[in-house]
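Chemist: structure, please.
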Amino acid sequence: MAHYPLNHPLRPAYRFLAALTALYLLLCGVLGLGKTWGDDFFARSSDWVLGQRVNPASAWLVTIVGLILLAAVVLGGNLYHHVALGVGWGLPAVAMVVMALLQTDANILNASMINVVTWVVLGLIVLTGGLYGKVGSSEAAHAEASAASGAR
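Modeler: Model (predicted):
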């Protein structure tokens, strides 16, 4: 089983970075929806927003992911820990699938390589925040620290 440290001292900093990531995704999605309004859902146009190639499908996707992540960051606690882990693994996974489909007709998100690189980087930022975002009681954190020092 994976070990996630409880009450890590840098947890607020990682949570802040996850919030910035959520805000970027949300802003990119909302601006993308505005720019592609009226286009076909899976259009293959040349619309760009904040350095990302968009169509309505990709704009909706990043808007929803951004909203979910932002809500988890605001609510905090172990909910944030679990959502951040899911989004942190999910963004790079989607990016790898999209990369495999870039030069095909199956590129329904109208993505480019910059989208892939950005989604991987943002996913790793969120994943790092999720790895250090677990919270627990001070007694549990102290017991974990003493058990870890005794195991060495």
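Chemist: shaky segments in this protein?
Modeler: Counting by pLDDT under 70, the chain shows low-confidence ranges at 1-2, 148, 150-152.
Chemist: how about the helices in it?
Modeler: With DSSP state H as the criterion, the chain has helices at 11-35, 56-75, 77-100, 113-131, 138-150.
Chemist: closest to residue 107 out of those?
Modeler: Residue 107 lies closest, by CB to CB, to one member of the helices of the chain: helix 77-100, at 7.2 Å. (Each C-beta comes from the backbone N, C-alpha and C, glycine too.)
Chemist: residues contacting that closest one, please?
Modeler: 4, 15, 18, 65, 68-69, 72-73, 107, 109, 111, 113, 115-117, 119-120, 122-131, 133-135 (CB atoms under 8 Å, 6 or more residues apart in numbering).
Chemist: separate out the buried members of these.
Modeler: 4, 15, 18, 65, 68-69, 72-73, 107, 109, 111, 115-116, 119-120, 122-123, 125-131, 133-135 (16 or more other CB atoms under 10 Å).
Chemist: can you put the helices of the chain in CSV and add distance to residue 41?
Modeler: Converted to CSV, the helices of the chain look like this (distance: least, CB to CB, whole Å):
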stretch, distance to residue 41
helix 11-35, 11
helix 56-75, 5
helix 77-100, 16
helix 113-131, 17
helix 138-150, 47
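Chemist: so which of these is nearest residue 48?
Modeler: helix 11-35 (8.2 Å).
Chemist: other SSEs contacting the closest one?
Modeler: Using 3 or more CB pairs under 8 Å, 6 or more residues apart in numbering; DSSP states H and E, the elements in contact with helix 11-35 are strand 47-49, strand 52-54, helix 56-75, helix 77-100, helix 113-131.
Chemist: now that helix: buried residues?
Modeler: Result for helix 11-35 [16+ other CB under 10 Å]: buried residues 11, 14-15, 17-19, 21-22, 24-26, 28-33, 35.
Chemist: so who does residue 143 touch?
Modeler: Going by CB under 8 Å, 6+ apart, the list of residues near residue 143 is empty.
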